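Trainee: Predicted model and sequence below, questions to follow.
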Amino acid sequence: MASQPGPEEKILYQCVWCGRVFEKSMLSKIAETRCPYCGFNVIKKAKPSAAKLIVTSKLTEEQRLLTEI
């Protein structure tokens with residue numbers, strides 16, 4: 001069962017100094033670790049605005065009640 005690729009998600013980065021969020025396409029090929037707005041050389045991946053739901057297992061209602069004890 002092959003999973004189909006979803007719509008291409010944009011990779012977002014955030015500058016540690018000025019706090020601006022920008023896309024990977026805004027980074028230059030020469031200075032990939034510098035903010036395009038302020039030029040600070042430390043950036044990090046921005047956290048998504050929505051939480052991701054991860055299903056780890058499918059428990060029955062009875063199993064859920066037993067694990068909550």
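Mentor: Yes, it's here.
Trainee: From here on, just use CA atoms for contacts and neighbour counts.
Mentor: OK.
Trainee: For the chain, which segments count as helices?
Mentor: 61-67 (DSSP state H).
Trainee: Where does the prediction get shaky in it?
Mentor: Applying pLDDT under 70 to the chain flags the ranges 1-9, 68-69.
Trainee: residue ranges of the strands in it, please?
Mentor: 12-15, 21-23, 43-45 (DSSP state E).
Trainee: Give me whichever of those strands is most buried.
Mentor: Per-stretch averages of neighbours, counted by mean count of other Cα atoms under 10 Å, single out strand 12-15 among the strands of the chain, with a mean of 19.
Trainee: May I see the strands of the chain organised as CSV, with distance to residue 56 added?
Mentor: Output for these, formatted as CSV (distance: least, Cα to Cα, whole Å):
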stretch, distance to residue 56
strand 12-15, 27
strand 21-23, 31
strand 43-45, 25
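Trainee: Which of these sits closest to residue 67?
Mentor: strand 43-45 (35.5 Å; Cα to Cα).
Trainee: quick one, what contacts residue 49?
Mentor: The contact partners of residue 49, taken as Cα atoms under 8 Å, 6 or more residues apart in numbering, number zero.
Trainee: same thing with residue 10?
Mentor: Contacts of residue 10 (Cα under 8 Å, 6+ apart): 23, 24.
Trainee: now do 7 Å
Mentor: Contact analysis of residue 10 by Cα atoms under 7 Å, 6 or more residues apart in numbering lists residue 23.
Trainee: Quick check: the gap between it and residue 19.
Mentor: 18 Å (Cα to Cα, to the nearest Å).
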